[in-house]
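Peer 1: next comes the sequence, and after it the predicted model I'd like to discuss.
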There are 2 protein chains.
Amino acid sequence: MIIDIFRATSTITAALDNGAASVIPVASVHACVELGEQIANSVTGGERDGKIAEGLKHGNSPLEYPRSFIAGKKLILTTTNGTRLLHMIKDSNDIIIGSFLNLTAVSNYLVRDGKPVLLACASWKDRFNLEDTLFAGAVATRLSDRFTINCDSARAAKGLYSLTGGKDYLEFLKDSSHYNRLSGYGLVEDMKYCVTPDLHPVVPILRDGEIVVA
Amino acid sequence: MIIDIFRATSTITAALDNGAASVIPVASVHACVELGEQIANSVTGGERDGKIAEGLKHGNSPLEYPRSFIAGKKLILTTTNGTRLLHMIKDSNDIIIGSFLNLTAVSNYLVRDGKPVLLACASWKDRFNLEDTLFAGAVATRLSDRFTINCDSARAAKGLYSLTGGKDYLEFLKDSSHYNRLSGYGLVEDMKYCVTPDLHPVVPILRDGEIVVA
């Protein structure tokens, strides 16, 4: 499972639940623009360093993709960290997309599926970040009755998650690098939205290069 | 500061407090043997995968280096992770060696010193581990009044440390990869020793390739 809470995997989850036909993750802005010209009824979106990338029409905020705008369209998305990670592990089977917006849905899916799980946190430019690990801890906690956890990073993520008491995630994240960076861009409402559990209960899965509802 | 709780930095701290003239970290078993033949009054020690490395006389346990044995001698040490990390950052200034055995001593040293601090966890074969992060959290907690922490991994380490209530570290670490591995080698007493706070209140520092008491 790919995790990039602020904001790629939250945006993907929201767009799909709001009726997007699919989300196509691409690594570069160039590829995003090019694909946007080729695919009918598509929307190009993405960010670099937290802002709409030059040449793209839309950004990487779940709030930009309401049903009234995105339903029936393909969203071609490039982000700083999330889509890069997606490309890194693209040869794995069964890549699903997790965010607080679909926490229960993806956790239940993994339990039902029963296969070994890798929680892949996108991080920020190869550095650990708090919000992706917090979400990984939320999932690991929900999975721990049914799976054996034999990995110190998953144990640590569970421990971190326990500090929140299972709620008030944004409060917990106020002292974090991403909160500081994104609030500087005026994106507090975005972050509030991104940490709202189960607002978009879909399970996005990668199939043949496109992310669709499982 | 270098951190490799199980067991390189604990062994270095114990050996120096027990009167070792210095500890010379080397990356390979070969270099360890060779240097041991060149340096008078030296002891070669080290491990690979938790066991005494072939060709060396001693292992990587703090219990192997009591005052009666190590006082006045130079310990030439190679370990799986700790000395490798030491070599990776060998061009930094002021490399000190931290472990629970000298937790208060190194924390006080860093506060007095006042310079920016990097807590470098050795980990296990490039993977996150719980015990080094727990110790980093203990130090970050002690430093947080006097330093600005602007790093999610240090914040997470502090959070993890808070889960222990500042005590019973081994209990907290019983569900960890290293505890499982080392207890399989019969090294529970070693680990108990390594998580005892302030048993060896010295500040080991790297000077010209040798670790000595600051």
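Peer 2: The structure has been received and is ready for your questions.
Peer 1: in chain A, which strand is the longest?
Peer 2: Longest strand in chain A by number of residues (criterion: DSSP state E): strand A:42-48.
Peer 1: now the element after it, going C-ward?
Peer 2: Sequence order places strand A:51-52 as the next helix or strand after strand A:42-48, per DSSP states H and E.
Peer 1: average pLDDT for that next one?
Peer 2: On average, the pLDDT along strand A:51-52 is 80.
Peer 1: what sits up against that strand?
Peer 2: With C-beta atoms under 8 Å, 6 or more residues apart in numbering or on different chains as the test, strand A:51-52 has contacts from A:45-46, A:58-60, A:185. All C-beta atoms are positioned from the backbone trio N, CA, C, and that covers glycine.
Peer 1: with stretch A:164-178 instead?
Peer 2: For stretch A:164-178, using C-beta under 8 Å, 6+ apart, the contacting residues are A:6, A:100, A:124, A:127, A:129-131, A:134, A:138, A:163, A:179, A:191-192, A:195, B:150-152, B:155.
Peer 1: now the longest helix along chain A, how far from the centre of its chain.
Peer 2: Ranked by residue count under DSSP state H, the longest helix found in chain A is helix A:130-143. Distance of helix A:130-143 from the chain centroid (C-alpha atoms, centre = their mean, to the nearest Å) equals 13 Å.
Peer 1: other SSEs contacting it?
Peer 2: The contact analysis (3 or more C-beta pairs under 8 Å, 6 or more residues apart in numbering or on different chains; DSSP states H and E) places helix A:130-143 against strand A:2-3, helix A:103-113, strand A:120-121, helix A:152-163, helix A:169-173, helix A:177-184, helix B:152-163.
Peer 1: in three-state terms, label residue A:12 for me.
Peer 2: Secondary structure state of residue A:12, per DSSP: H, G, I helix; E, B strand; the rest coil, is helix.
Peer 1: picking that back up, filter the contacts of strand A:51-52 to the buried ones?
Peer 2: Buried members of these, counted by 16 or more other C-beta atoms under 10 Å in any protein chain shown: A:45-46, A:58-60.
Peer 1: and of those residues, the nearest to residue A:113?
Peer 2: The closest of the buried ones among the contacts of strand A:51-52 to residue A:113 turns out to be residue A:60 (C-beta to C-beta; 27.9 Å).
Peer 1: circling back: of the contacts of stretch A:164-178, just the buried ones, PyMOL syntax please.
Peer 2: Here is the PyMOL selection string for the buried members of the contacts of stretch A:164-178, based on 16+ other C-beta under 10 Å:
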select buried, (chain A and resi 6+100+124+129+130+131+134+138+179+191+195) or (chain B and resi 151+152+155)
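Peer 1: show me which residues of chain A are close to chain B?
Peer 2: Taking C-beta under 8 Å from any C-beta of the partner chain as the test, the list of chain A residues beside chain B reads A:127-130, A:133, A:150-153, A:155-156, A:159-160, A:162-163, A:175-178.
Peer 1: one more time with 7 Å, if that's ok
Peer 2: A:128-130, A:133, A:152-153, A:155-156, A:159-160, A:163, A:175-177 (C-beta under 7 Å from any C-beta of the partner chain).
Peer 1: so can I have CSV of those showing pLDDT and distance to residue B:33?
Peer 2: Shown next, in CSV, are these (pLDDT from 0 to 100; distance: C-beta to C-beta, whole Å):
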residue, pLDDT, distance to residue B:33
A:128, 92, 37
A:129, 94, 43
A:130, 97, 44
A:133, 97, 42
A:152, 96, 32
A:153, 96, 35
A:155, 97, 37
A:156, 97, 37
A:159, 96, 41
A:160, 96, 43
A:163, 95, 47
A:175, 94, 48
A:176, 95, 47
A:177, 94, 45
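Peer 1: surely residue A:1 and residue A:107 touch.
Peer 2: No - between residue A:1 and residue A:107 there is no contact under C-beta atoms under 7 Å: 9.7 Å.
Peer 1: in the longest strand of chain A, which residues are buried?
Peer 2: Buried-residue list, strand A:42-48, by 16+ other C-beta under 10 Å: A:42-47.
Peer 1: which helix or strand lies directly C-terminal to the lowest-mean-pLDDT helix or strand in chain A?
Peer 2: Ranking every helix and strand in chain A by mean pLDDT, DSSP states H and E puts helix A:82-88 at the bottom, with a mean of 70. Going down the chain from helix A:82-88, the next helix or strand is strand A:97-98, by DSSP H and E.
Peer 1: run through who's touching that next one.
Peer 2: Strand A:97-98 has contacts (C-beta atoms under 7 Å, 6 or more residues apart in numbering or on different chains) with A:1-3, A:9, A:12-13, A:106, A:135, A:139, A:204, A:211.
Peer 1: can you check stretch A:101-113 too?
Peer 2: The contact list for stretch A:101-113, computed with C-beta under 7 Å, 6+ apart, reads A:1, A:10, A:13-14, A:96, A:98, A:117, A:138-139, A:142-143, A:146, A:196-203, A:214.
Peer 1: how close does residue A:181 sit to residue A:128?
Peer 2: Residue A:181 is 15 Å from residue A:128, where distance means C-beta to C-beta, to the nearest Å.
Peer 1: quick one: low-confidence ranges for chain A?
Peer 2: Within chain A, the stretches with pLDDT under 70 are A:82-84.
Peer 1: apply 90 and report the result again.
Peer 2: Flagging of chain A using pLDDT under 90 yields the residue ranges A:26-28, A:47-55, A:57, A:79-93, A:122-127, A:150, A:165-168, A:208-209.
Peer 1: identify, from the buried ones among the contacts of strand A:51-52, the entry nearest to chain B.
Peer 2: For the buried ones among the contacts of strand A:51-52, the residue nearest chain B by C-beta to the nearest C-beta is residue A:60; the value is 19.7 Å.
Peer 1: surely the closest one touches residue A:7?
Peer 2: Yes - contact criterion C-beta under 7 Å: residue A:60 and residue A:7 qualify, at 5.2 Å.
Peer 1: got any residues that touch both of those two?
Peer 2: Joint contacts of residue A:60 and residue A:7 (C-beta under 7 Å, 6+ apart) do not exist.
Peer 1: circling back to that earlier point, Produce a ChimeraX select command limited to the buried residues of the contacts of stretch A:101-113.
Peer 2: Provided next is the ChimeraX selection string for whichever of those are buried by 16+ other C-beta under 10 Å:
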select /A:1,10,13,14,96,98,117,138,139,142,143,196,197,199,200,202,203,214
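Peer 1: okay, the contacts of strand A:97-98 in TSV with distance to residue B:53 next?
Peer 2: Formatted as TSV, those follow (distance: C-beta to C-beta, whole Å):
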residue	distance to residue B:53
A:1	39
A:2	40
A:3	39
A:9	44
A:12	48
A:13	49
A:106	44
A:135	41
A:139	39
A:204	48
A:211	48
